[in-house]
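Colleague: Fold the following, please.
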Amino acid sequence: MSKVYVRVKPKMGLQQFHRCAIMFTLAWALFEVDDATKERLENEQMLETSLEKPEGYVETASVDNPNQDATGTAGNTAASGPTELSDAEKLAAIKEAMTALDKTVDGNWTKSGLPNATVLTAAVGFDVSAAQRDEVWAELEAVRLAAEAAAAGQAGAQ
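Modeller: Purely as a prediction, here's the structure:
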């Protein structure tokens, strides 16, 4: 097991990013991961990693309980390790990745015009099933169609 400090690269414009079923934020956090996960995190373009304590890192664990932060809840420390995402968190991550897909890159999309589940899997760091992709895509399409209908209604009223 290796200890690595990780955060979302501030220049990426994201508040959070999921990789290897772990949610990362702009704040530095310390994780204890296996060597393969460490290598994957170090190679992720959306993340910044450090083996040494980085400037700006704030210790969240208390001395009495290394899994507890100042608020008394489990902190994001090496002792607590990676946390599994809930289904709602996974769908939110898929939605975020889906809306960030470059529409001009053919490989991001299937022949039927759906987001490529393999590309989404790479973006979120966990397996995205076709059913999950379809669920989120249907939600996004419903919002898009409703917005278009509202715009058309406003244009017709003028």
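Colleague: what comes up buried for the longest helix along the chain?
Modeller: For the chain, the helix reaching the highest residue count under DSSP state H is reported as helix 130-157. By 16 or more other CB atoms under 10 Å, the buried positions in helix 130-157 come out as Gln132, Arg133, Val136, Trp137. (Each C-beta comes from the backbone N, C-alpha and C, glycine too.)
Colleague: ok now do Lys90, which residues does it touch?
Modeller: By CB atoms under 8 Å, 6 or more residues apart in numbering, the contact set of Lys90 is Val124, Phe126, Gln132.
Colleague: Columns distance to Gln16 on top of those residues, output as a markdown table?
Modeller: What follows is those, written out as a markdown table (distance: CB to CB, whole Å):
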| residue | distance to Gln16 |
| --- | --- |
| Val124 | 11 |
| Phe126 | 14 |
| Gln132 | 18 |
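Colleague: between the residues you listed, which is nearest Ala88?
Modeller: Nearest to Ala88 out of the contacts of Lys90 is Gln132 (CB to CB; 11.6 Å).
Colleague: Assess the claim that the closest one and Ala93 are in contact.
Modeller: No - with contact defined as CB atoms under 8 Å, Gln132 does not reach Ala93; the gap is 10.0 Å.
Colleague: hmm, back to that, how far away from the center of its chain is the longest helix of the chain?
Modeller: Its chain's average C-alpha position is 23 Å from that of helix 130-157, according to CA atoms, centre = their mean, to the nearest Å.
Colleague: So which residues make contact with stretch 95-114?
Modeller: 14, 115-116, 119-120, 123-124, 133-134, 136-137, 139-140.
Colleague: Which strands and helices lie in contact with the longest helix of the chain?
Modeller: helix 87-100, helix 117-124 (3 or more CB pairs under 8 Å, 6 or more residues apart in numbering; DSSP states H and E).
Colleague: could you give the angle of the last one to helix 130-157?
Modeller: Translated: helix 117-124. 90 degrees (axes from the mean of the first three to the mean of the last three CA atoms, to 10 degrees).
Colleague: buried ones in helix 117-124?
Modeller: Buried, per 16+ other CB under 10 Å, within helix 117-124: Ala117, Val119, Leu120, Thr121, Ala123, Val124.
Colleague: Against which helices or strands is that helix packed?
Modeller: Secondary elements touching helix 117-124 (3+ CB pairs under 8 Å, 6+ apart): helix 87-100, helix 130-157.
Colleague: which residues are in contact with that helix?
Modeller: In contact with helix 117-124 (CB under 8 Å, 6+ apart) are residues 18-19, 90, 93-94, 97-98, 100-101, 107-108, 127-130, 132-133.
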